[in-house]
Each structure stands twice: as structure tokens, then as C-alpha cells.
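> No letters, just coordinates:
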């Protein structure tokens, strides 16, 4: 498969702009120059519009797609209770169509890769394959007395990794849910499995004060020292949230070279309290990407919006309009997320062909004083016209194959999930 | 002029949904029933999509449209300095095209009425007329030694009111800029003019700690008591921000029945510090609408995004996911804003025909568990397909007359405004 993108304005990793053509062969950018005349199976005239790397959603639960709007504005206890009741009704078919809706939304809003943890993950993997989206899927592991899975979660994780390993789009991993749902012995085994299989770990960490307090109560340690004491911390760990961590814990995390997925919109909507210490993490040298979390706690998967929330939350919190600027927010949503997942991102020869085209005539991108500022502070996902993943055009002129059917199915199937 | 909207799902003021047809005659909704068979000059088949009141942007500066992305991520002092240098280059022509871009964006994102204060306001008024948007335009008044206007600001305000009074879309008012740019004598005169002309006052109030401190230093009073002492407070006042006010000051404002325009995105991006005490204002019975502020401090005019920022900022700030729920956010962006401006809003017979149609097949609006939640927490302005203002279809199927030329002109003219 080859694609020629003509007349592109390219955003380079150093934030300069270059004008020219891009040639893609198989999954990679093979050539960039001012004019390319080689034939290609697919030709896209970018018409001077902006080509940037695709966005990387570093924490979500795609299988919950059909739950958007089913549970909002409650206090934590009734909110959780209602969520569990709804989730108990989810079948593999509903997770499949929920994943379809979620991945359709990713493609429509310029996300090319995502990191996920949810039930019935084979359904989400199938959707990655069918829609053509790059997924990093962490099989959920909780204690055996807490699981609704058939069989033992760790055995299932092993089976999942075996089944999907080596797939061009699906990357299987291990997803110990959180310290409060996985005991230390179980966490250690999950880590062992990930290390042995040479894959990644994805886990919720220090999202709330409650989590810190119960961990301290149950294990006489706060979450980060507890994980350190069982040799859990390592460079294949990607932790979601890490909102409630101290400066010393940040040093520990940085030393172990773990990766962090920051979810500002979810943290704000769920009122998890406090603000994630992004500046301290950055100063400690941590890799921090961005995630939307699920449509129950956001309620969309638009990484453009997530960039804006990330920047504005830090500015508001620190009373400093210069902190977390547009370039840093854009890097978090692209290069940092890609780095966390081991992906080679950037509009350069040899890099992965995971990229998007942004309409510079959309009112949200006009005028053109600073296109990165426009992407972060003004735009939303509707400015994306084309999404290319792994060298394949998944959205062309805002059209995705089969989208009308996905929408229709999602509307119809979701009706059964209502809880009054 | 008559419009028939068929097959609408209508969001009523009590948040119930009704299905049927809507008939519009001149500027008002004349009939709503399950099926209307009267002929109309214009027929729109809503195809089961959602009809809601238009959004009301209660604080912006449209004339700054060409400045989006020209000034971000600096600390306050260099930011202001750069802004003034750019603004010094603005001509009436640039304000005209900046207003064009801003009002185009409003129409594309479902805003039907807005409240504005900026230089060369006749240009913005002309654009209201040409694009068909309902504008409330407060002529900016600052002290005579601070103005760049030809002649005295108060005389100019009087002339502006005389010229535009009675226009079907343009509503002229008086805009004393702020306490730090208008001395008490000047403020009192501005108030006198507004009262005499029977029009409204729009002013920035208590946006920053700095404003409170300098007011205290210069006049031995904080802003609200100072305004009270000169009999400035009254029900025709609409104050932008009011972030830094005490509980007692809120009582004073509520007693005087002033109106408040809350700008959460701008407050966060400009890091004005603290969080606007929305809950206390609501408990005191104040009318609080929402504004985007300008594209320099936001950087868009999308009121959907503003609703989400309003709700999430309060939730995060108060560690309470139940506070400022979706229905309250939607009311702020519609009914409350309309009330502040004296507009009769709502999908009901006899109300103004300022309404929008929202695409319920857009991925951001799917599934349909709770359409108000979807509008506030998931959607952005791109879900709007039709915008009707004052009984005229201003956007149809996402197309606005002349939009390509506006975009082209804006891109080209903005180039002259660059400051390195």
C-alpha cells in the first residue's frame, strides 16, 4: 500500500512548518520533499492544509461507548452504584458496539493510537482490526473474588496476549486495575507476566485521596512506596491519573522511568480533588501523556479538547498563564503519548504513518498567527479532515466507512442500558 | 417571512422533550403542534433532530477576531504589553473583518445573541445586520486621557445609541470599561446616560486581585462597595467576571438585581486566580449567564465548550461532582443569558425564533440516554446544523452565506497584525 499526500503544510517535531509532499509506503513515511512525482495507490491533495502526527489517547475504556450520558452529576457513592448496575448489563455484543462508537469517535477526532483497559477486550481488539485503529489493550486483572470473568484473570490475560501478539494494530498487555482491586501478591504476578511476555502494564494509580487512605490503612504504605516495595515499578508501566502523589513519590516514579497518563477532564468532572502535579513531574523528567478516560467521565474522546483542559487546568491552578503552554500540551497529546507506547511518531522520513490532516480554512483554525495555539486553544476534533493510521487512510474528507451503521446500532442498542 | 420546521424533537424549558412541527412567523414562534400543514416560505425537515433555544454569549469582544493565536502563554505584564501593540494596529476595516470572523463562528456554533464591548463598534453593528446575528453592543467608555477615540467617549456612546436604537438586531448600550479605566465621576455619568436612554450597562468587574487592590488603594473601597456608593448598581447592569467578590458583595449585587456574565475558560486561561463563586451567587438569586470572552483569552467562541468548562471548573474546585449539573450549565448558556438581555427565549409559542437544530446522529450526541448531558459534556459547536435568528435561517445544513470569503479575507488581513 502506498499513499502520496500532496501540498501539505507539515508540523515538524521542532514546531517549525515545512511545505511539500509526503510519500507513505506500507506503515511508514518513506519520503518527504518539496515535490514527489512517484505514482501511489492513493493520492490525497492536502491543498495547503496542515499535516500533524496523529493524537495518542493514553487512557480510555472504549468498551463503555454506549454509556455516554447514562450517569452524570451524582455524588461518588450513588454514581459508582449506578455505574456498576449498568455495567452488569453489558454483554460482549454491547462492548463490541460500544468500542465501535468509541473508535469511530477517535478516528473522527484525529486519534490514531490509544491505550485501553476494559472487560471483553477481544471485542475491542476486533474493532481495532475492523476500523483500522492502533490499540494498546491491557487485559483487566482484579482479585479472583472480585472478577466477573470466567476463569482466572491472569490466565485470561496470558491467553489474550498469546492470541493477539504480533498483530499489526493490536498490542496486548496486562491491566491490573488498581491497588484497591488487586492485592500486592496479585500485582506482583501481573508484573511478572508482563515482564515475561515482554509487554506493558497499564493501571490506575493514586486517582483519589480515598485510594491513598485505604492503601495506607490496608498496607501501611501509600500507593507509590507500596508498588516500589514489591518491585512493581519499571519502564513498561503506564499509570493513569497519579493525581495524588508527593514530590518524593514523583522522584521514585521518575527513577523507575514509568510513564504517566494525565486525564484532566475526567479528574475535573469526577471531582477527584487536587490537581495533578504536572510541573513537578516534568521537572523530574517523567514522560506524561494525555488521556480522555471513558465517555462516562469526560464525556467524549476528543483529544483536542483534552489538550485545552490540560493547559488551562494548570494555568488556573498555578495562577500562571505561562505554565503548560500550547507546544507542551500538543507534545503531551502526541510525542509523549507515543513515547509511552514505544511508537515512533513525527512527520519525518522513517516514522510511522500515523498522521492527520487539519482543515486550515475551518473557522476555528483562522487566522494563522500560530497554528499550534489554534490546535490547542481553539480547535476541536471536527477540524480533522483525514486520519491515516499505519499507512492506511481510515478517514477521508471526514467520511469513515460504515459510520452510519455504527451510529444507528449504537443508538438502538444503548436503549437497553437505561437505569432510572 | 415564515418558516416551517418539521419533525423536530424539541427541548422544552422544563427539560422535557416534545416531538412535532414548529411554525415561525416574522421574528416569533407562532405555533407548535404534532403536525402543521400551513404553507411556509421556507421549510426545514429536522428529521427527528433536536431543536433547542440558541445559545447566548454574554461577554465577548468580536472586533478582536483577527487576533486569535497572536498572543498566548505569556505572563500578564508582557501579555498586556503585546496586546496593546497589536490593538494599536487595528483599523475600522480590521475590526469589521474581525467581527465577521467572530460572528461567523457564533452562527456556526449555535450562538444567536451576544453581548459585546469593543472599539469601532459601528463595524460590529454593521456585521450583525449583514450576517443576521442579534447583538447587544456596549460602546466602550474610558477616561478621556486614556481613550484613543476621536471626541469624548460619552458623547460617542450617545451618538451610537441614537444611530442604532430600534434596530431589529442591534441593541446599543453603554460600556464603561472597568473601574481601573473609568473614574467614579465618569462611571456615574455613564450610568446616567444608560438610565436616561433606557438601555443597558456592560462592564468588567472584579476580574483579578490586582483590580481589587488598586481600587482599594485609589478609592479606599473594594469595587462592589465603590459602585454601590455612587448608585451605579441596578438591574440594567451586566457585569463580566465578578470572580473576586465576597459573600457580602454578592448580597449587594443580588439586592440590586444586577446580571453576571461568567467566563470560566477566559478566567482559567488568563490565570486570573481563584474561582468565581457561582454557587453563592445562585443561592443569592443572581442571574448568571455565560460568556466566552474574546479569541485572545479563550481562544474560540464556542458556547458548548463554555458550558463544559463552567460545570467542570465548579466540580473540580468544590470536589463535588454533583455541583453545577448539565441542566444548570445549559440554562446559564441559554435562558439565564437571555434573561440578562431581556430576551424571551424558549421553544414555546410566542417566544423569539432564535433557535438551533442539533444533529442527533453526530457521534458526539450518541447514544441518546440524556441529550442535555450530551450537549454540555460531549458536544461542541460542530453538532449544530441550522441556526435561526429573529425568524431568519442564518445557517442551513452548516452553510453560511459568504463564509468562504470571510475566511479568506480574515487569513489575508490578519498577516499585518503579527508582532514578534
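Sure thing, it's come through. Predicted model only: the values in this text are computed from it and were never measured. Residues are numbered from 1 along each chain as shown, chains lettered A, B, ... in the order given.

> low-scoring pLDDT stretches of chain A, where are they?
For chain A, the stretches with pLDDT under 70 are A:420.

> Per the annotation, how does it divide into domains?
Under automatic domain parsing, the residue ranges defining each domain of chain A are A:2-53+A:346-398, A:55-341.

> looking at these, which is buried most?
domain A:55-341 (a mean of 22; mean count of other Cβ atoms under 10 Å in any protein chain shown). (Glycine included, C-beta is placed from N, CA and C.)

> Reformat the domains of chain A as JSON lines; add distance to chain B.
Below are these laid out as JSON lines (distance: least, Cβ to the nearest Cβ, whole Å):
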{"stretch": "domain A:2-53+A:346-398", "distance to chain B": "3"}
{"stretch": "domain A:55-341", "distance to chain B": "4"}
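
> And the ones you listed: which comes nearest residue B:352?
domain A:2-53+A:346-398 (25.1 Å; Cβ to Cβ).

> and the closest one, how far apart are its ends?
One end of domain A:2-53+A:346-398 sits 20 Å from the other (Cα to Cα, to the nearest Å).

> that's a strand at residue A:4, yeah?
Yes: residue state for residue A:4 (DSSP: H, G, I helix; E, B strand; the rest coil) corresponds to a strand.

> so what's residue A:259 closest to, chain neighbours aside?
Nearest non-adjacent residue to residue A:259, counting by Cβ to Cβ, 6 or more residues apart in numbering or on different chains: residue A:340, 3.7 Å away.

> OK, contacts around residue A:283?
Contacts for residue A:283 (Cβ atoms under 8 Å, 6 or more residues apart in numbering or on different chains) come out as none.

> whoops, residue A:86 was the one
Residue A:86 makes contact with A:67, A:70, A:71, A:417, A:419, according to Cβ under 8 Å, 6+ apart.

> Save these as CSV, and put in distance to residue A:183 and secondary structure too.
Shown next, in CSV, are these (distance: Cβ to Cβ, whole Å; DSSP: H, G, I helix; E, B strand; the rest coil):
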residue, distance to residue A:183, secondary structure
A:67, 28, helix
A:70, 31, coil
A:71, 28, coil
A:417, 31, helix
A:419, 30, coil
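
> wait, doesn't residue A:324 sit right on residue A:316?
No: with contact defined as Cβ atoms under 8 Å, residue A:324 does not count as touching residue A:316 (10.5 Å).

> Give me the contact list for the helix or strand harbouring residue A:32.
Residue A:32 is part of strand A:28-33, with elements assigned from DSSP states H and E. Outside of strand A:28-33, the residues within contact range by Cβ under 8 Å, 6+ apart are A:10, A:18, A:20-24, A:38, A:347-353, A:355, A:391.

> In strands, which of those fall?
Using DSSP state E, the members of those that fall in strands are A:10, A:18, A:20, A:21, A:22, A:23, A:24, A:355.

> Spatially nearest residue to the fifth one, not counting backbone neighbours?
To tie it back to what came earlier, the one meant is residue A:22. Among residues not flanking residue A:22 along the chain, residue A:5 sits closest, at 4.3 Å (Cβ to Cβ, 6+ apart).

> just checking, the one you found touches residue A:44?
Yes: Residue A:5 is in contact with residue A:44 according to Cβ under 8 Å; the separation is 4.9 Å.

> Now the common contact residues for those two.
residue A:357.

> Serialize the domains of chain A to JSON lines and add fields for distance to residue B:158.
Formatted as JSON lines, those follow (distance: least, Cβ to Cβ, whole Å):
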{"stretch": "domain A:2-53+A:346-398", "distance to residue B:158": "34"}
{"stretch": "domain A:55-341", "distance to residue B:158": "37"}
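
> Residue B:75 is nearest to which of those?
Taking the domains of chain A one by one with Cβ to Cβ, domain A:55-341 is closest: 5.0 Å.

> Next, the distance between the ends of that closest one.
12 Å.

> Distance from the chain centre to it, please.
Counting by Cα atoms, centre = their mean, to the nearest Å, domain A:55-341 is centred 8 Å from the centre of its parent chain.

> Let me know the helix or strand that the most centrally placed residue in chain A is in.
Among the residues of chain A, the one closest to the centroid is residue A:57, at 2.0 Å (Cα atoms, centre = their mean). Using DSSP H and E, residue A:57 sits in strand A:55-60.

> Need the contact partners of that strand.
In contact with strand A:55-60 (Cβ under 8 Å, 6+ apart) are residues A:102, A:106, A:109-116, A:202, A:238, A:240-241, A:259, A:261-263, A:289-294, A:301, A:303-304, A:306, A:333-334, A:337-338, A:340-341, A:343, A:345, A:356.

> Which of the residues you listed fall in strands?
Those of the contacts of strand A:55-60 lying in strands (DSSP E): A:111-116, A:202, A:238, A:240-241, A:259, A:261-262, A:289-290, A:356.

> Max pairwise distance over these: which two?
Pairwise distances across these peak at 26.6 Å for A:241 and A:356 (criterion: Cβ to Cβ).

> so how far is residue A:203 from residue A:282?
21 Å (Cβ to Cβ, to the nearest Å).

> cool, residue A:193 as well?
In terms of Cβ to Cβ, residue A:193 sits 13 Å off from residue A:203.

> repeat for residue A:14
Separation of residue A:14 from residue A:203 (Cβ to Cβ): 33 Å.

> What are the boundaries of the helices in the stretch 1-150 of chain A?
Remark: helices assigned in the stretch 1-150 of chain A by DSSP state H, counting those that start in this stretch are A:76-87, A:92-108, A:121-131.

> Contacts only, for the closest residue to residue A:305 other than its chain neighbours.
Distance criterion Cβ to Cβ, 6+ apart; nearest residue to residue A:305, sequence neighbours excluded, is residue A:380 at 5.8 Å. Applying Cβ under 8 Å, 6+ apart, we find residue A:380 in contact with A:109, A:302, A:304, A:305, A:364, B:302, B:305, B:380, B:381, B:382.

> swap the cut-off to 7 Å and go again
Counting by Cβ atoms under 7 Å, 6 or more residues apart in numbering or on different chains, residue A:380 touches A:302, A:304, A:305, A:364, B:380, B:382.

> likewise residue A:7?
Residue A:7 makes contact with A:45, A:46, A:47, A:48, according to Cβ under 7 Å, 6+ apart.

> So which of these are in strands?
residue A:45.

> Among the contacts of residue A:7, give me the pair with the biggest separation.
Maximum distance among these (Cβ to Cβ): 9.3 Å, for A:45 and A:48.

> And for residue A:50, nearest residue in space, chain neighbours not counted?
Using Cβ to Cβ, 6+ apart, the closest residue to residue A:50 is residue A:358 (4.3 Å).

> What values do phi and psi take at that neighbour?
Phi and psi for residue A:358, reported as degrees, to the nearest 10, are phi -110, psi 130.

> I figured it hits residue A:49, correct?
Yes: between residue A:358 and residue A:49 there is a contact under Cβ atoms under 7 Å: 6.2 Å.
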